[in-house]
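Student: no sequence on this one, just coordinates:
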């Protein structure tokens, strides 16, 4: 996600005037799942958990809020 937000910032501040829109395949943004109980069973701190559904939602939300276009296919 960091790379696309950096690229979007470059676009928003007109650093590269030719860059008009950024499109991201939504399915490429898949992330891993590490529920809190599993993290604790592995001896990790609970704060190191990474719940997939919530984290995925937040990640996509930030991209869309920065005017990144999420797409399923390009025709």
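Tutor: The structure has been received and is ready for your questions. Keep in mind it's a predicted model, so treat the numbers as computed, not measured. Numbering: from 1, shown residues only.

Student: other SSEs contacting the longest helix along the chain?
Tutor: Longest helix in the chain, counting residues (DSSP state H): helix 52-65. Judged by 3 or more Cβ pairs under 8 Å, 6 or more residues apart in numbering; DSSP states H and E, the packing partners of helix 52-65 are helix 2-12, strand 69-71. Any C-beta I mention is one placed from the backbone N, CA and C, and that applies to glycine too.

Student: and of those, who's closest to residue 35?
Tutor: Residue 35 lies closest, by Cβ to Cβ, to one member of these: helix 2-12, at 23.8 Å.

Student: Now do that closest one: distance to the chain's middle.
Tutor: 12 Å (Cα atoms, centre = their mean, to the nearest Å).

Student: Give me the contacts around it.
Tutor: 16, 19-22, 24, 62-63, 66-68 (Cβ atoms under 8 Å, 6 or more residues apart in numbering).

Student: Of those, keep whichever come out buried.
Tutor: 22, 24, 63, 68 (16 or more other Cβ atoms under 10 Å).

Student: Moving C-terminal from the helix or strand of the chain with the lowest mean pLDDT, which element do we reach first?
Tutor: Least confident helix or strand of the chain, by mean pLDDT, DSSP states H and E, is helix 2-12 with a mean of 86. Remark: after helix 2-12, the chain's next helix or strand is strand 23-25, criterion DSSP states H and E.

Student: So which other helices or strands are in contact with that next one?
Tutor: In terms of contact count using 3+ Cβ pairs under 8 Å, 6+ apart, strand 23-25 is assigned the packing partners strand 69-71.

Student: And residue 60, how close does it get to residue 46?
Tutor: Per Cβ to Cβ, to the nearest Å, residue 60 is found 24 Å from residue 46.

Student: coming back round to it: of the helices and strands packed on helix 52-65, which approaches residue 34 most closely?
Tutor: Between residue 34 and those, the tightest spacing by Cβ to Cβ is seen for helix 2-12, at 19.2 Å.
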